[in-house]
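S.K.: Fold the stuff below for me.
(chains A and B)
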Amino acid sequence: MCPAPAKRKTDIGAPHYDKFLPPIIKRNYGNWRHHELPRPGVVVHVAESGDKLYSVRAGSPRLLSIETLRLFAAIADEFSDGYLRFTSRNNVEFLLADPAKVDPLIARLKQEGYPVGGTGASITNIVHTQGWVHCNSAASDASGVVKSVMDELLPYFESMTLPARLRIAFACCLNMCGAVHCSDISILGMHRRPPKINHATLAKNCEIPTTIASCPTGAVRPATVDGKPSLEIIEEQCVLCGNCCAVCPSMSLNDPGDGISIWVGGKVSNARREPMFSKLAIPYLPNNPPRWPEVVSAVKNLVEVYAAHARRFERMGEWIERIGWPRFFKLTGIEFTKHHIDDFRHAGESFKRSVHLRRPPA
Amino acid sequence: MTEKKPTPLLDNLEAGPWPSFVKELKKSAKSPMVQDLLGVLERSYEDKMGHWKHGGLVGVRGYGGGVIGRYNELAREFPDAAEFHTVRINQPAGWFYTSDVIRTLCDIWERHGSGLTNFHGATGDIIFLGARTSEIEAVFGELIEAGFDLGGSGSCLRTPSCCCGMARCEWACYDTMALTYDLTQTFQDELHRPSFPYKFKIKSSGCPNDCVAAIARADLSIIGTWRDDIQVDRTAVTQYAAGGQIDIAADVVARCPAGCMTWDGRSIGIDNESCVRCMHCINAMPKALAPGKDRGATVLVGGKATILGGALLSSVLVPFLRMEPPYDDLKELIRAIWDLWGDHGKNRERVGEFIQRIGLGNFLEQIGLDPQPEMVAQPRTNPYISYEPKEGRP
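M.R.: All right, here's what the predicted structure looks like:
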């Protein structure tokens, strides 16, 4: 008789966070009193006990080699007793109990090429997706655009001089893994051609009824091509959502004419104005690797116009609501086109249905 | 060993002050997989198109997710990037680490994969980027021995995530990390074995600032709040007024969305019955103002990005719920949602879209919650009411 096989270890779940918390956090867990931002990239949390925790925040490209992770570990050993964390926007943070080590740590991070900042009224790291590095549905590269934009906007990462925090996100297609739909500035990869169909493989790779059912507008229909069962797209009905491509590997939206759109004025925080979606500013800019100059200059323009006109604590969307969209387009020099007018479901909700117009055009 | 090919377009992105992902790729380029990845990416930069194919079925025994198959269409030219699968690893709540555990993860990934990672993926997982099919079981085995497990992928509970909450923030209205750990451990089966109509995300933020974007990015958004009065430290208010860094009248009182604050040059008045708990005044004067002491969370449902029927923000489901272990009320609610949506949701229909299709009123009735005015911005304006037989409808 065979011995029973050893039970396979599964479903252990996440490691308990307690193992990774520095002693100062364990001592003061749930008993923090307030915080201060003494300089860009440094947050001091003061506990009821009087203990002070210094968090030093540095930018990271999110796509990290194990060599860089080991460098972060070594820096943590040297400056923060081995304790570090990552933020929801992919920055790395070192957690120090000893204020004397803050300055040397900042110097070391800068020397290694990791800028310190991203706190308070700044532009912090751009939340982004995989792009051409690793995604099948990417209409643009995420890392390349983010790198190009952040190279230009670095002074805003390393300072806290904007009217309010300004959150930028990048997603390489409408799936929006980067949740760009609620950011001050959203950079979104756009496909522009309906899916291309590989008729030779479709019947073998895809469930035809499931693919038809996946279309939100009924644009995918059964068809027989070269005697084989396949699908066709009613092009004028297609909204380029890519849902059919997600269920059928023989369909793809990728095309050299893909590009980028820019959206503005979203937020997730409840502070002052309720959370809101980003709205379309620029419907299309070309993919122009390796530096995407059109995208970089469009984003920079939005940041500069906002910085010059918004009031303190006013997020991009709040500023635009105060001045109105006509003035936003005028100040930014962005052309208002047919594409800016919603034509999907519930489109009418965004039409102006009053005569509350700020100085109508002649 | 794969031959090193020139990458002039990518090389351009090594310059400039922001940390370069190309440098990261090159640091890992002793792996032939990454060498070929550089070649594939350079090609994308030349022809302005991605070259990754639709995912395939890859995984570990006994799990239905956690590994996403990724194959390259240029496999003949770049054979070492032909298979470049993603391994999602459930992060510790709050994304705290020690240097030792970072090194342990690096060692595992050096033995079995490309050496490339994401800290972190969009949902919150640690991402190992670039595994061959033949290595998946070995990576999993070593991760389990190191105390880590896979995260979610496909139509399942995706890896829950949260802000750092009480570990570091004075505004945390409940223990986000404890809740996230508890939910993760409670729902291991739902996380690892996809059995839902589509993905289901849970995100927990400690206060209405919502640092993990729960309201926009999660099907179930748990956002900390309080019921009693904002705590005011009168001495600190005076210091802010004298300090000159903030204009209390213009920057705080005038910006209150509820118009519930007054300032007479000496003291702040707050009409707490009218306060909407937005956090602005507390954010602006963190030493003087703090959330109340009667704390818990608002539970919201249905948030998602565009695909398929348009983006949705989560909407209020439970206006106030106390968040204390073992979180039985919350878990009961989650199970009721899964049961209903699991039975009646369509393939690839997120719960927010499902609620819109069947109606929030019907949804509430089915999961056993009473309608409350906090759940809507306003009552309906159209008269298409479906009266029910119990109301005397003939």
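S.K.: what are the ranges of the helices in the stretch 101-250 of chain A?
M.R.: A:102-111, A:142-157, A:199-205, A:208-213, A:243-247 (DSSP state H, counting those that start in this stretch).
S.K.: Count the residues that sit near residue B:287.
M.R.: For residue B:287, the neighbour count with other CB atoms under 10 Å in any protein chain shown is 18. All C-beta atoms are positioned from the backbone trio N, CA, C, and that covers glycine.
S.K.: I meant residue B:368, not that one.
M.R.: 10.
S.K.: Can you classify the residue nearest to it when sequence neighbours are not counted by secondary structure?
M.R.: Excluding the flanking residues, the one nearest residue B:368 by CB to CB, 6 or more residues apart in numbering or on different chains is residue B:336, at 6.2 Å. Three-state call for residue B:336 (DSSP: H, G, I helix; E, B strand; the rest coil): helix.
S.K.: Let me have the helices of the stretch 101-250 of chain A in CSV, adding distance to chain B and mean pLDDT as columns.
M.R.: Shown next, in CSV, are the helices of the stretch 101-250 of chain A (distance: least, CB to the nearest CB, whole Å; pLDDT from 0 to 100):
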stretch, distance to chain B, mean pLDDT
helix A:102-111, 10, 98
helix A:142-157, 4, 98
helix A:199-205, 8, 93
helix A:208-213, 7, 95
helix A:243-247, 5, 92
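S.K.: Distance to residue B:126 and mean neighbour count for those - can I get that in TSV?
M.R.: Below are these laid out as TSV (distance: least, CB to CB, whole Å; neighbours: other CB atoms under 10 Å in any protein chain shown):
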stretch	distance to residue B:126	mean neighbour count
helix A:102-111	22	16
helix A:142-157	18	24
helix A:199-205	31	15
helix A:208-213	32	16
helix A:243-247	24	22
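S.K.: who wins for proximity to residue A:316 among those?
M.R.: Counting by CB to CB, residue A:316 lies closest to helix A:142-157 out of these; the figure is 13.0 Å.
S.K.: In PDB, list the C-alpha atoms belonging to that closest one.
M.R.: What follows is helix A:142-157, C-alpha atoms only, in PDB (Å, rounded to 0.1, in the frame of the first residue of the first chain):
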ATOM      1  CA  ALA A 142       2.800  53.000 -19.700                       C
ATOM      2  CA  SER A 143       6.300  53.200 -18.300                       C
ATOM      3  CA  GLY A 144       7.700  55.300 -21.200                       C
ATOM      4  CA  VAL A 145       5.000  57.900 -21.000                       C
ATOM      5  CA  VAL A 146       5.200  58.000 -17.200                       C
ATOM      6  CA  LYS A 147       9.000  58.400 -17.200                       C
ATOM      7  CA  SER A 148       8.800  61.100 -19.900                       C
ATOM      8  CA  VAL A 149       6.100  63.100 -18.000                       C
ATOM      9  CA  MET A 150       7.800  62.700 -14.600                       C
ATOM     10  CA  ASP A 151      11.200  63.800 -16.000                       C
ATOM     11  CA  GLU A 152       9.500  67.100 -16.900                       C
ATOM     12  CA  LEU A 153       7.400  67.400 -13.700                       C
ATOM     13  CA  LEU A 154      10.000  66.500 -11.200                       C
ATOM     14  CA  PRO A 155      10.100  70.000  -9.600                       C
ATOM     15  CA  TYR A 156       6.500  69.500  -8.600                       C
ATOM     16  CA  PHE A 157       7.400  66.100  -7.000                       C
END
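S.K.: now for that helix, which elements pack on it?
M.R.: Helix A:142-157 is packed against strand A:168-171, strand A:185-190, helix A:293-309, helix B:21-27, with contacts defined by 3 or more CB pairs under 8 Å, 6 or more residues apart in numbering or on different chains; DSSP states H and E.
S.K.: Next one: the residue nearest to residue B:368, what pLDDT does it get?
M.R.: pLDDT, residue B:336: 98.
S.K.: do residue A:7 as well
M.R.: Note for residue A:7: predicted pLDDT of 82.
S.K.: Shouldn't it be within a helix?
M.R.: No - counting by three-state DSSP, residue A:7 is not part of a helix but coil.
S.K.: can you pull the contacts of residue A:255?
M.R.: By CB atoms under 8 Å, 6 or more residues apart in numbering or on different chains, the contact set of residue A:255 is A:191-193, A:196, B:49.
S.K.: let's go with 10 Å and repeat that
M.R.: A:139, A:191-196, B:48-49 (CB atoms under 10 Å, 6 or more residues apart in numbering or on different chains).
S.K.: Can you tell me which of those residues has the largest number of neighbours?
M.R.: Among the contacts of residue A:255, residue A:139 has the most neighbours (other CB under 10 Å), with 30 neighbours.
S.K.: Give me the pLDDT for that one.
M.R.: As predicted, residue A:139 sits at a pLDDT of 97.
S.K.: re earlier: what's the closest of the helices of the stretch 101-250 of chain A to residue A:62?
M.R.: helix A:142-157 (7.9 Å).
S.K.: low-scoring pLDDT stretches of the chain, where are they?
M.R.: All of this is about chain A. By pLDDT under 70, the low-scoring segments of chain A are A:1-5, A:178.
S.K.: wrong one, chain B
M.R.: For chain B (pLDDT under 70), the answer is B:1-3.
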